[in-house]
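make a model of this:
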Amino acid sequence: MSDSLVVCEVDPELKEKLRKFRFRKETDNAAIIMKVDKDRQMVVLEEEFQNISPEELKMELPERQPRFVVYSYKYEHADGRVSYPLCFIFSSPVGCKPEQQMMYAGSKNRLVQTAELTKGPVSFGEEGSGSLGSWV
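Numbers count the residues shown, from 1 in each chain. Below is the predicted model:
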């Protein structure tokens, strides 16, 4: 049932930005941070970053507000191959308002589908339980 719950649509400009991000040719780490515009009931672009480390990305996320992130990074495999996977991150820190958490949680699946990220999303909540702090 929660898979079909959609609280917010995805901004058409953000859809295009995500499509271009998926097929980017640059080899640096990059991120798109998105937020829910409560008034428009829409997921919108908050900020874009080029050449950003996981540690720097962590510092850019608000401490008490949820955010969605699509992160592209360079990954060197043990056999020498290099790939640039995309990660979808749902950051929902402790202390967020329940209303905000519901809006983000209800919009997550639609955003994952729109961004065409086929693997399961990574969620970060409390420290020590998959938090961004334990990720970096």
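
okay, helices next: where are they in this structure?
With DSSP state H, the ranges of helices along the chain come out as 12-22, 54-60, 98-114, 132-135.

please identify the deepest-packed of the ones you listed.
helix 98-114 (a mean of 17; mean count of other Cβ atoms under 10 Å). Placement of C-beta: from N, CA and C, glycine included.

report all helices and strands that it contacts.
Counting by 3 or more Cβ pairs under 8 Å, 6 or more residues apart in numbering; DSSP states H and E, the packing neighbours recorded for helix 98-114 are strand 9-10, strand 30-37, strand 42-50, strand 67-72, strand 86-91.

what angle separates that helix from strand 86-91?
With axes from the mean of the first three to the mean of the last three Cα atoms, to 10 degrees defining the directions, helix 98-114 sits at 170 degrees from strand 86-91.

distance from helix 98-114 to the middle of the chain?
Offset of helix 98-114 from its chain centre (Cα atoms, centre = their mean, to the nearest Å): 11 Å.

and the pLDDT for Lys38?
We have a pLDDT of 91 for Lys38.

so how far is Asp39 from the closest residue to it other than its chain neighbours?
Closest residue to Lys38 in three dimensions, ignoring its sequence neighbours and counting by Cβ to Cβ, 6 or more residues apart in numbering: Met103, at 7.0 Å. As judged by Cβ to Cβ, to the nearest Å, Met103 and Asp39 stand 12 Å apart.

follow-up on the earlier one: including distance to Leu111 and mean neighbour count, could the helices and strands packed on helix 98-114 go into a markdown table?
Converted to a markdown table, the helices and strands packed on helix 98-114 look like this (distance: least, Cβ to Cβ, whole Å; neighbours: other Cβ atoms under 10 Å):
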| stretch | distance to Leu111 | mean neighbour count |
| --- | --- | --- |
| strand 9-10 | 6 | 18 |
| strand 30-37 | 7 | 21 |
| strand 42-50 | 5 | 16 |
| strand 67-72 | 6 | 22 |
| strand 86-91 | 8 | 19 |
